[in-house]
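In: Okay, structure incoming, though there's no sequence with it:
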């Protein structure tokens, strides 16, 4: 076994190329984007990072050109393959497919020794590139997304083709991190000959952004509400954060709020996010007579989002499936209890009767009862309980194992 001294380990520059269709500085929404940004932000000093993605601002980050960017104190090089107006809206030809095709025909130079994927499709282009080590992260719940058909992605219609592609790609990947534990067990059973490739990797929350403050909700809300807004500083604020797509079950979200609103008319549902179903959700809220009580807040930066977590009384998640939803950790880290359907890894971080409630049923009345329980007992679902629930899920702790793997892969990499 090759042994390197600490001095040599520190001097060695680790070169990573991240390949994923997003704009790290653009107004996109989603856990994968936040994961990548955190991976860059907290990367060790001797990590040299290149990022091949897309641009949401062609003036600041022109497509097909390298631009020097920074996240936190970390600098990196960014190369967007093309301009995309809104990465949160699904298109006829999926973004991942367009991105993979653009990458195939581009002349961009892929530098470094480590390729880092957060969707597996682009990895197929590097199947014969033996001079690269390849790391991938699977963020979703593959079982619910594809096998149980609780998704509107194109692979849901042809899952057998996806699994053929997945099996082929997994063969030439070196390490595969999986966010969802049931998906991890599924892969370790399905690909037993490659079992050692698969590793668990939980989600984390950036506590430099998402933390509670010693200020009343009314004062926080006062800073958030514009002079022409009808949103009240009093009353209960129920918060949703995420893409407005089918997998989030947005109509169940509104229907559940309608149940709660019947017994508390001084309550509001704040929806932070963008997506294809936004107009249909607005129409549904209007149909239920909730126009004055449901607010579509659009996209918010992480700093802005943290303020809404602090101002709200509870966060509500009604998803059909998840990996380990980052919004849940962000809410808890900000001191906000969460009510969620039983999806992904939410039971790892939401402790019933302590930091929120996980509801086994997707019945609006059952979810409503859990919301009422949390809102009626703020002392039980305290800030301290919420913060404690995510105390171990920091980027420094979670990402340390990924950085360590990358170091090993490059040190032992055979050119």
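Out: Looks like it arrived, so ask away. What you see is a predicted model, and the numbers here were worked out from it, not measured in a lab.
In: the bottom helix or strand of the chain by mean pLDDT?
Out: The helix or strand of the chain with the poorest confidence is helix 6-11; it has a mean of 44 (mean pLDDT, DSSP states H and E).
In: so after it, what's the next helix or strand?
Out: Using DSSP states H and E, the next helix or strand after helix 6-11 towards the C-terminus is strand 14-19.
In: That next one pairs with which strands?
Out: Strand 14-19 has its sheet partners listed here by DSSP bridges as strand 47-55 (parallel), strand 114-117 (parallel).
In: Contacts only, for residue 18.
Out: In this structure, residue 18 makes contact with 36, 39, 40, 49, 50, 51, 52, 53, 116, 118, judged by C-beta atoms under 8 Å, 6 or more residues apart in numbering. To be clear about C-beta, it is placed using only N, CA and C from the backbone, and glycine gets the same treatment.
In: If you could redo that for residue 35, that was the one I meant.
Out: If you count contacts by C-beta under 8 Å, 6+ apart, residue 35 has them with 118, 137, 139, 203, 326.
In: Settle this for me: the fourth one is touching residue 177, isn't it.
Out: Pointing back at residue 203 there. No. The criterion here is C-beta atoms under 8 Å, and residue 203 misses it with residue 177 at 11.2 Å.
In: Compare those two (neighbour count), which wins?
Out: Between residue 203 and residue 177, counting by other C-beta atoms under 10 Å, residue 203 is the more crowded of the two (28 against 20).
In: Give me the three-state assignment for the more buried one.
Out: coil (DSSP: H, G, I helix; E, B strand; the rest coil).
In: how about the nearest residue to it, chain neighbours excluded?
Out: The spatial neighbour of residue 203 that comes closest, neighbours along the chain excluded (C-beta to C-beta, 6 or more residues apart in numbering), is residue 324 at 3.9 Å.
In: Just after the host helix or strand of residue 368, pick out the following helix or strand.
Out: Assigned by DSSP H and E, residue 368 falls within helix 364-376. Downstream of helix 364-376, the next assigned helix or strand under DSSP H and E is helix 383-389.
In: Next, give phi and psi for residue 162.
Out: Residue 162 adopts backbone torsions of phi -60, psi -50, taken as degrees, to the nearest 10.
In: That one: how many residues sit nearby?
Out: 19.
In: Kindly report the same for the one 3 residues further on.
Out: The burial metric for residue 165, expressed as a neighbour count using other C-beta under 10 Å, is 15.
In: Can we start the residue count at 244 from this point?
Out: With the count now opening at 244, the last piece we talked about shows up as residue 408.
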